[in-house]
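# Show me the folded form of this:
(2 chains)
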2 protein chains.
Amino acid sequence: MSEDILKQIERELENISYGSQPESLYNPIRYILSLGGKRLRPILVLLSGRTFSATNDQNLFNMGAVAEVFHNFSLMHDDIMDNAPLRRGKPTVHEKWNANTAILSGDVMLVLAYQLLAQLPAEKLAYCLDAFNQVAREVCEGQQFDMEFENSNQVSVDDYLEMIRLKTAVLLGFCCKTGAHLGGADPEDTQLFYQFGENIGLGFQLMDDYLDVFGDASKVGKRVGGDIVSNKKTFLLIQALMLAKDNDLIQLQYWLQIADVEKQQEKIDFVTSLYRKLCIDQQARQLADNYFQTGFECLAKLSVGRDKAIEIVQFAKLLMQRDK
Amino acid sequence: MSEDILKQIERELENISYGSQPESLYNPIRYILSLGGKRLRPILVLLSGRTFSATNDQNLFNMGAVAEVFHNFSLMHDDIMDNAPLRRGKPTVHEKWNANTAILSGDVMLVLAYQLLAQLPAEKLAYCLDAFNQVAREVCEGQQFDMEFENSNQVSVDDYLEMIRLKTAVLLGFCCKTGAHLGGADPEDTQLFYQFGENIGLGFQLMDDYLDVFGDASKVGKRVGGDIVSNKKTFLLIQALMLAKDNDLIQLQYWLQIADVEKQQEKIDFVTSLYRKLCIDQQARQLADNYFQTGFECLAKLSVGRDKAIEIVQFAKLLMQRDK
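Presented below is the predicted three-dimensional model:
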């Protein structure tokens, strides 16, 4: 993927026209969008659309901005709910301003996503609006499940996979689907792109969980072991609670009770070594790989031929092999 | 206006199809919509649409539900920001559940409004979506101004009127405008309906401020004087700060510092009598009446003739003369 695409995505995001007043409502939106990130969602829209012939790049960049603005809206509100102090190494909006501002700026961001979507050509509007409504609801459902899981001892791997499907994967599916649709794909190919996106989304989130524990802190850009410290019910922890036996399970349960700051590193070391002992690191990578492979198989069935999808497959392989 | 319209509006709201899971996300939406209210916005959509000949009632009820769901979304989020314990005499969502649930259920409600809007016929969609996007942004802008005004000593009557225009009046304008559009009005008549709605919206909010102080508690359904207790910068208070002189102003400034629960009634009594002394009660009613009259004058210019608008004018006159 060329540098140009990323530059144009950034330009598209910078050129979004906000209201001017009240500034305090719009500055947090500019702020969170300026924090950067991989811009994964706009890239997926663009590469999906370019797979097909009827592509109009402006529509794709436009839809990419819809997805990126929506994604950042959900981050702004999630950060309030999760009481997160930092996002991409910078203060979250509710920390830098306050919770009320983060609620209301988030609301406007959601509306802004719809305003960008409304710029699509009339003949594409109803389809893309329906798709966006559905994914927006699903992402909220995923966040609610995520919050509920934090207070539940009954979360299975299947529950977890369904949660990350809703919270993360469906939006990637949406990007690929609407990109393909805007590019002129037929309904079957469009659906294959949706499945591709959803599957690589599941793989992507599992890799995220994996890298949070086994990644290289200098590359990941955040402290390794954060999920362990906060007892976050990731695939790794749910699996460990299921597989650990006898003394391992007792020790794991003990460490889950420990919130003492001074013992954080010891907790991280214990849980990480238990994950390795139970081969959960390999299982997580394997499961992630399986989802990526399922995604690639979807694109092998395209009516336009798998070769047309080379660029997006290459991009997804980078995601699969990423170490940050 | 017949009882039937209100019944059908309630039925429309009850029949909205929510997701089933997670329940904790959708129950607060059912709850806030079940608290009742005047259903002013759906009624305005319906009566505006019925003024014209190409009316399809189902579209109007649909658009009415869009407006009512959006309105209740904004109440759910505003109540968090305002830290309000009660809404229509019942616990607010963030009190009954918690702030996180109120944030996320509110987000889903906003999406739900767009989902209802997406059910409109394709040829009406782009127009109504653009109108809705604009009003949704303006309402958020109004709420932000409202919050900022609470910490400012520089709020003029003009600032206040612009704030209530954004926070309240534009949504009523939207209801009248989209109702007229769906009914088949030409662009000029549609615009007249927008102006009508915005003007009666300003009148409506000024009456709200008036009734909060001078209303009959048993009819208003909430405690009289709440705005005075909380130093809310309504038209009445801004005007009093401008008109009060010498000892009156000193005493008003004194009472604005008093947050003592035991002195609430004394504060209410003083400020209310000062409003009367300065004739601010009459000024508020007069200003409200002027906005209603401006609204009626808009409908007198309709190309279809003012007689077609009899029903909505009658309804607006009830709003103008309301005592609750």
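
# which is the next helix or strand following the helix or strand of chain A with the lowest mean pLDDT?
Ranking every helix and strand in chain A by mean pLDDT, DSSP states H and E puts helix A:217-220 at the bottom, with a mean of 67. The helix or strand immediately downstream of helix A:217-220 is helix A:226-229, counting by DSSP states H and E.

# Please export the C-alpha coordinates of the helix or strand following that next one as CSV.
Downstream of helix A:226-229, the next assigned helix or strand under DSSP H and E is helix A:235-243. Output in CSV follows, covering the C-alpha atoms of helix A:235-243 (Å, rounded to 0.1, in the frame of the first residue of the first chain):
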residue,chain,number,x,y,z
PHE,A,235,-9.2,-14.8,25.4
LEU,A,236,-5.9,-15.5,27.2
LEU,A,237,-7.4,-15.1,30.7
ILE,A,238,-10.6,-16.9,30.0
GLN,A,239,-8.7,-19.8,28.5
ALA,A,240,-6.3,-19.9,31.5
LEU,A,241,-9.2,-20.0,34.0
MET,A,242,-10.5,-23.0,32.0
LEU,A,243,-7.3,-24.9,31.6
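
# Which strands or helices does helix A:235-243 pack on?
helix A:157-164, helix A:187-214, helix A:226-229, helix A:246-257, helix A:264-277, helix A:280-300 (3 or more C-beta pairs under 8 Å, 6 or more residues apart in numbering or on different chains; DSSP states H and E). Backbone N, C-alpha and C define where each C-beta goes, glycine included.

# Tell me which of these approaches B:Ala65 most closely.
Nearest to B:Ala65 among these is helix A:187-214; the distance by C-beta to C-beta comes to 28.8 Å.

# Report the buried residues of the closest one.
Of the residues in helix A:187-214, those with enough neighbours to count as buried (16 or more other C-beta atoms under 10 Å in any protein chain shown) are A:189-214.

# A:Gln286: how many residues sit nearby?
By the criterion of other C-beta atoms under 10 Å in any protein chain shown, A:Gln286 has 11 neighbours.

# can you check A:Gln21 too?
By the criterion of other C-beta under 10 Å, A:Gln21 has 13 neighbours.

# That one reaches B:Glu138, doesn't it?
No: counting by C-beta atoms under 8 Å, A:Gln21 stays clear of B:Glu138, with 10.7 Å between them.

# Chain B contacts on chain A?
Proximity of chain A to chain B (C-beta under 8 Å from any C-beta of the partner chain) is limited to residues A:19, A:21-22, A:24-25, A:77, A:80-81, A:99-101, A:103-104, A:106-108, A:110-112, A:114-115, A:118, A:122, A:125-126, A:129-130, A:133, A:136-137, A:140-141, A:143-145, A:147-148.

# center of chain A - which residue?
Centrality entry for chain A: nearest residue to the mean C-alpha point is A:Thr168, 4.3 Å, by C-alpha atoms, centre = their mean.

# show me the contacts for the spatially closest residue to it that is not a sequence neighbour.
Once flanking residues are discounted, A:Thr168 sits nearest to A:Gln205: 4.6 Å by C-beta to C-beta, 6 or more residues apart in numbering or on different chains. Counting by C-beta atoms under 8 Å, 6 or more residues apart in numbering or on different chains, A:Gln205 touches A:Ile164, A:Lys167, A:Thr168, A:Ala169.

# any idea how far A:Gln205 is from chain B?
For A:Gln205, the distance to chain B (C-beta to the nearest C-beta, to the nearest Å) stands at 19 Å.

# Distance check, that residue against A:Phe193.
Look at A:Gln205 and A:Phe193: by C-beta to C-beta, to the nearest Å, they are 19 Å apart.

# do A:Gly183 as well
Distance of A:Gly183 to A:Phe193, given as C-beta to C-beta: 9 Å.

# got any residues that touch both of those two?
By C-beta under 8 Å, 6+ apart, the residues touching both A:Gly183 and A:Phe193 are A:Ser48, A:Thr51.
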